[in-house]
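Chemist: Next input, structure requested:
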Amino acid sequence: MNTHTYEIVDAALRHPNAIVDVWGPGWKGYNKSEPLSTNIKRRQNRIWQIESSLSDHTAEAARRAEKGWFPRTEEAELPPWSQPEWTVDPAEEQYCGNVRFDIVWTIS
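Modeler: Numbering: from 1, shown residues only. A predicted model of the protein is given here:
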């Protein structure tokens, strides 16, 4: 990536009204032998997978707090959230929920 491209990406990441996801060739889950559309769909699924997992974890923590399950014992303690493993096989990928991209910018 050249300096000009870096400056554009950096400006996008710093913009307060833009949600930016930087990902592409060489990054985990990207497959150069597949079309860009397949890789974009894979990334949408990954983002959905992470957001869904975090939401489920937060809901479980709230449920435990409502019931008064404070971490006094190992059984009651909710382990910290961590990212789920990446879904690799596109045939097995899940529905990507409402993850949509307004702009997909490719650099070749």
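
Chemist: secondary structure class for the spatially most central residue of the chain?
Modeler: The centre of the chain sits closest to Ile47, judged by C-alpha atoms, centre = their mean, with a distance of 2.8 Å. Recorded secondary structure, Ile47: helix (DSSP: H, G, I helix; E, B strand; the rest coil).

Chemist: check contacts around the nearest residue to it once chain neighbours are set aside.
Modeler: Distance criterion C-beta to C-beta, 6 or more residues apart in numbering; nearest residue to Ile47, sequence neighbours excluded, is Val99 at 4.8 Å. C-betas here are computed from N, CA, C, even on glycine. Contacts for Val99 (C-beta atoms under 8 Å, 6 or more residues apart in numbering) come out as 44-45, 47-48, 51.

Chemist: Please tell me how far Val99 sits from Arg43.
Modeler: Val99 sits at a distance of 8 Å from Arg43 (criterion: C-beta to C-beta, to the nearest Å).

Chemist: what about Tyr30, helix or strand, and which?
Modeler: Per DSSP states H and E, Tyr30 falls between elements, in no helix or strand.

Chemist: cool, the one 4 residues further on as well?
Modeler: Under the assignment given by DSSP H and E, Glu34 is not contained in any helix or strand.

Chemist: still on that earlier bit, local confidence estimate at the residue nearest to the centre of the chain?
Modeler: Per-residue pLDDT puts Ile47 at 86.
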